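K.L.:
Sequence and predicted structure, then a few things I'm wondering about:
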Amino acid sequence: MAKEVAQSPLEVSSLASLDQRLAVAKRCSHEGVIAGAKAAIVAGIATAIPTLVSARMLPWARANLNHTAQALIVSTVAGAAYFIVADKTVLAMARRNSFHQGRSSNIRP
């Protein structure tokens, strides 16, 4: 015997609101990942070119920067760019969505 519990309209609307907020959060995080990946690619290329050129041309860099050091420099900059841009994107979208929700909840019929 399964008990059927009738859901109140308040519970139904709160579940719909929760689903909507979850969808917005997923979209925000996805856009943050995409923006972070783009920034990491650009930063990686922008760092790799001068690092590799200096490791070939400058005597100090040739003596002190082996392949591991060069890879570490490029990957550190790319990783930092990813996390900084992804974080800023997610926070900006969350701020925009909170202002949008605040405006729509303040409107009274």
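P.N.:
Cool, the structure landed. Numbering: from 1, shown residues only.
K.L.:
switch to C-alpha atoms for all contacts and neighbour counts from now on
P.N.:
Noted.
K.L.:
List the buried residues in stretch 47-56.
P.N.:
Neighbour counts using 16 or more other Cα atoms under 10 Å place T47, A48, T51, L52, A55 of stretch 47-56 among the buried residues.
K.L.:
For L22, state which of those residues is nearest.
P.N.:
Of all the buried residues of stretch 47-56, T47 has the smallest distance to L22: 36.7 Å, by Cα to Cα.
K.L.:
which SSE is that closest one in?
P.N.:
Using DSSP states H and E, T47 sits in helix 9-57.
K.L.:
now that helix: mean pLDDT?
P.N.:
Confidence over helix 9-57 (mean pLDDT, whole number) is 88.
K.L.:
list the helices and strands it packs on?
P.N.:
Using 3 or more Cα pairs under 8 Å, 6 or more residues apart in numbering; DSSP states H and E as the contact criterion, the elements in contact with helix 9-57 are helix 59-64, helix 67-106.
K.L.:
Deepest-packed of the ones you listed, please.
P.N.:
Mean neighbour count (mean count of other Cα atoms under 10 Å) peaks for helix 67-106 among these, with a mean of 15.
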